[in-house]
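**Student:** Any chance you could fold what I've pasted below:
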Amino acid sequence: MNNLPREKQIEAIAALTEGVSVRAAERLTGVNRCTLLSLGIRVGQGCAALHNRLMRDLNVSRIELDELWSFCFKKQARLTPEDGMDKGDQYVFLAIAGAAKAILSYRVGKRNQEHTSAFVADLRARVLGAPEISSDGWNCYPSAIEDAFGIDVTYGQIQKHYGVQAGVVEAARRYSPAQVVGVSKLRVVGHPRHISTSYVERQNLTLRMQQRRFTRLTNAFSKKLENHEAAVALYAMTFNFCRVHETLRVTPAMQLGVTDHVWSIGELVDAALNNEAPKPAGRKAGPFRVIKGDRE
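**Tutor:** Numbers count the residues shown, from 1 in each chain. Down below sits the predicted model:
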């Protein structure tokens, strides 16, 4: 992998960010799949470090939270006591800026209080001020948000109620949920003006479409948690820095003022492998500087 030309590295990572499976990327690029996996992990871990460093001190007025179901190695129902916590259900917690559409924070782990609290605490460390937060009805969020934000937040939950037919398994657990028969909105802290998770739910669909291992009913699922986490980190950086949002006409990172230009996949790969962000556009020298400002 160390001898893989830069052009092939970029070609391989570009394929992985467009919803192509590892084996399909191997056929398209001619790069061995073991090399592809190794490269993907290195770039993914580098993307996680970049996100951790760059996505800080963010001015956002509204945030949406949600969890995306996925699994590693085998589904939860087939786990044995010897399998450990790295296998089975692995939820992707996502925090999305309502106006900038940026992924502010993410976390991969079990859907429990421990991971929920760690996710919300990480979000608190990245955003400034007292944003308005919306989430689904997951019962671990209220205490996690109270611990992380205190009174410096307005927070509401949206809960969907499904109609369940006789003889059908619980609606929330089915592959295709039953018809929504009601939606209730709960003001948990303060008086939020908007209680909605529409943007983050759309983000969940985008993630499923652009990372092959998240596609349902395929054998492209992650076999190791390390690979799964690297794929999420790669997706988050690509979405924030490399893809122009159709509504914003700029990337989400540009909308937040974190960068001043659209990153290419080549810039992302170089930055991830070297742990150094590209220089601002139009400058020949000088370190990269994070520009802070409220674009909400």
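
**Student:** Tell me the gap between stretch 93-112 and the middle of its chain.
**Tutor:** Going by Cα atoms, centre = their mean, to the nearest Å, the spacing between the C-alpha centre of stretch 93-112 and its chain's C-alpha centre is 5 Å.

**Student:** what's the model's confidence in that stretch, averaged?
**Tutor:** Confidence over stretch 93-112, taken as the mean pLDDT, stands at 96.

**Student:** roughly how far is stretch 181-194 from the heart of the chain?
**Tutor:** Relative to its parent chain, stretch 181-194 has a centroid offset of 24 Å by Cα atoms, centre = their mean.

**Student:** could you pull out the strands for the stretch 101-250 of the chain?
**Tutor:** If DSSP state E, counting those that start in this stretch is used as the criterion, the strands of the stretch 101-250 of the chain fall at 103-109, 132-135, 154-162, 180-189.

**Student:** can I get those in JSON lines with distance to D270 and mean neighbour count?
**Tutor:** Any C-beta I mention is one placed from the backbone N, CA and C, and that applies to glycine too. Converted to JSON lines, the strands of the stretch 101-250 of the chain look like this (distance: least, Cβ to Cβ, whole Å; neighbours: other Cβ atoms under 10 Å):
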{"stretch": "strand 103-109", "distance to D270": "21", "mean neighbour count": "22"}
{"stretch": "strand 132-135", "distance to D270": "35", "mean neighbour count": "26"}
{"stretch": "strand 154-162", "distance to D270": "39", "mean neighbour count": "18"}
{"stretch": "strand 180-189", "distance to D270": "43", "mean neighbour count": "13"}
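
**Student:** Specify the stretch among those that is closest to I96.
**Tutor:** Evaluated over those, closeness to I96 peaks at strand 103-109, with 6.2 Å, by Cβ to Cβ.

**Student:** Now do the helices in the stretch 101-250 of the chain.
**Tutor:** Using DSSP state H, counting those that start in this stretch, the helices found in the stretch 101-250 of the chain span residues 113-126, 141-149, 198-210, 225-237.

**Student:** and the third one, what other elements does it pack with?
**Tutor:** In terms of contacts (3 or more Cβ pairs under 8 Å, 6 or more residues apart in numbering; DSSP states H and E), helix 198-210 is packed against strand 62-68, strand 91-97, helix 225-237.

**Student:** Next, the buried residues of whatever helix or strand comes next after the longest one.
**Tutor:** Downstream of helix 225-237, the first helix or strand assigned by DSSP states H and E is helix 252-256. Burial within helix 252-256, assessed by neighbour count using 16 or more other Cβ atoms under 10 Å, is assigned to P252, A253, M254, Q255, L256.

**Student:** Do me a favour and get the end-to-end distance for stretch 100-111?
**Tutor:** Terminal residues of stretch 100-111 are spaced 26 Å apart (Cα to Cα, to the nearest Å).

**Student:** again with stretch 123-134
**Tutor:** Termini of stretch 123-134 sit 13 Å apart (Cα to Cα).
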